[in-house]
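In: structure for the following, please:
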Amino acid sequence: MKIFAIADTHLSGQPPAKPMSIFGSHWDGHWEKIKTSWQEQVTNDDVVLLAGDISWAMKLPDALVDLNEIADLPGRKIMIRGNHDYWWQTVSKMVKATQGKFEFINNSFAVAGDWAICGSRGWICPGDPLFKSKDQPFFARELFGLDAPLAPAPQAGYSQILLMLHFPPFYNHQTTTGFANLINSYQVHTCIYGHLHSEAAIKTAATGLINNTTYHLVSCDALAFSVKRLS
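Out: Numbering: from 1, shown residues only. As a prediction, the model looks like this:
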């Protein structure tokens, strides 16, 4: 079993109702590039982590076109919510609508071999220039919720913890944020996140080994529209 990850596919039907090429020519045919990479690397024995912002759809029935595209690809799919996944509903509704082809986690964890895959959306962090006073309650709620998947995983005997967030856990390597503190406290082995897209944000994103945790930015444009192997 291998584990792969990708985020921010930003699908909108076929043909796309919201072509991502409006954000730059490098987005031309981005889904075809992702599918090619996925089909070349992933088998049905593998796991693919989808770290949010999967579909532009506003409602779950409309998102099914995009989700079915992903469901047809190989591998076990584990997904968290991004800030643009407005179609997100209760886990039971989404599992039923997708006929059990996805595992949706939100402040919970799934098991993949020896790994506990913990998932939470996260939020923009204090210290980020875009952080406003209105973000504080959302940040506090998401920080509180993150304890829900991280606490039971080691209690269940899992020492290899992989945390999947949508938002970065900190800004500009400021590793004293609440999210970073929890990551350190629970000795998270690997943390992946998406959300970042601009060239400057991708270039300065925190990646690699930081305080004993390995960080990966997996927004699809940061990966040149390819799935990334984590293990």
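In: quick one: the helices in the chain?
Out: 30-41, 60-71, 91-97, 136-150, 152-155, 178-185, 199-204 (DSSP state H).
In: for the ones you listed, give me TSV that also has mean neighbour count and mean pLDDT.
Out: In short, each C-beta sits where N, CA and C put it, glycine included. Converted to TSV, those look like this (neighbours: other Cβ atoms under 10 Å; pLDDT from 0 to 100):
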stretch	mean neighbour count	mean pLDDT
helix 30-41	16	98
helix 60-71	18	98
helix 91-97	14	97
helix 136-150	16	94
helix 152-155	14	93
helix 178-185	19	93
helix 199-204	12	91
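In: out of the ones you listed, which comes closest to residue 84?
Out: When the helices of the chain are compared by Cβ to Cβ, helix 60-71 sits nearest residue 84, at 11.0 Å.
In: where do the strands sit along this structure?
Out: With DSSP state E, the ranges of strands along the chain come out as 3-6, 47-51, 76-80, 102-104, 108-112, 115-119, 160-164, 190-193, 208-210, 213-217, 228-229.
In: closest one to residue 136 among the ones you listed?
Out: Closest to residue 136 of the strands of the chain is strand 190-193 (Cβ to Cβ; 20.2 Å).
In: re the thing from before, could the helices of the chain go into CSV alongside distance to residue 84?
Out: As requested, these are exported to CSV (distance: least, Cβ to Cβ, whole Å):
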stretch, distance to residue 84
helix 30-41, 15
helix 60-71, 11
helix 91-97, 16
helix 136-150, 15
helix 152-155, 27
helix 178-185, 20
helix 199-204, 16
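In: which ones are touching residue 62?
Out: Counting by Cβ atoms under 8 Å, 6 or more residues apart in numbering, residue 62 makes contact with 55, 87.
In: if we go to 10 Å?
Out: Residue 62 makes contact with 12, 13, 17, 55, 56, 86, 87, according to Cβ atoms under 10 Å, 6 or more residues apart in numbering.
In: name the nearest residue to the fifth one, sequence neighbours excluded.
Out: To tie it back to what came earlier, the one meant is residue 56. Leaving aside its chain neighbours, residue 56 sits nearest to residue 12 (4.3 Å; criterion: Cβ to Cβ, 6 or more residues apart in numbering).
In: and the one you found, how far is that from residue 171?
Out: Look at residue 12 and residue 171: by Cβ to Cβ, to the nearest Å, they are 29 Å apart.
In: doesn't residue 189 make contact with residue 214?
Out: Yes - with contact defined as Cβ atoms under 10 Å, residue 214 counts as touching residue 189 (7.0 Å).
In: find residues that contact each of these two.
Out: Joint contacts of residue 214 and residue 189 (Cβ under 10 Å, 6+ apart) are residue 162.
In: relative to residue 97, how far out is residue 104?
Out: Applying Cβ to Cβ, the value for residue 104 to residue 97 is 10 Å.
In: just residue 228 next, same as before
Out: Distance, residue 228 to residue 97, by Cβ to Cβ: 27 Å.
In: for residue 81, same thing?
Out: From residue 81 to residue 97 the distance is 15 Å (Cβ to Cβ).
In: quick one: the residue sitting nearest the centre point of the chain from residue 205, how far?
Out: In the chain, the residue lying closest to the centroid (Cα atoms, centre = their mean) is residue 51, at 1.2 Å. Using Cβ to Cβ, residue 51 is found at 13 Å from residue 205.
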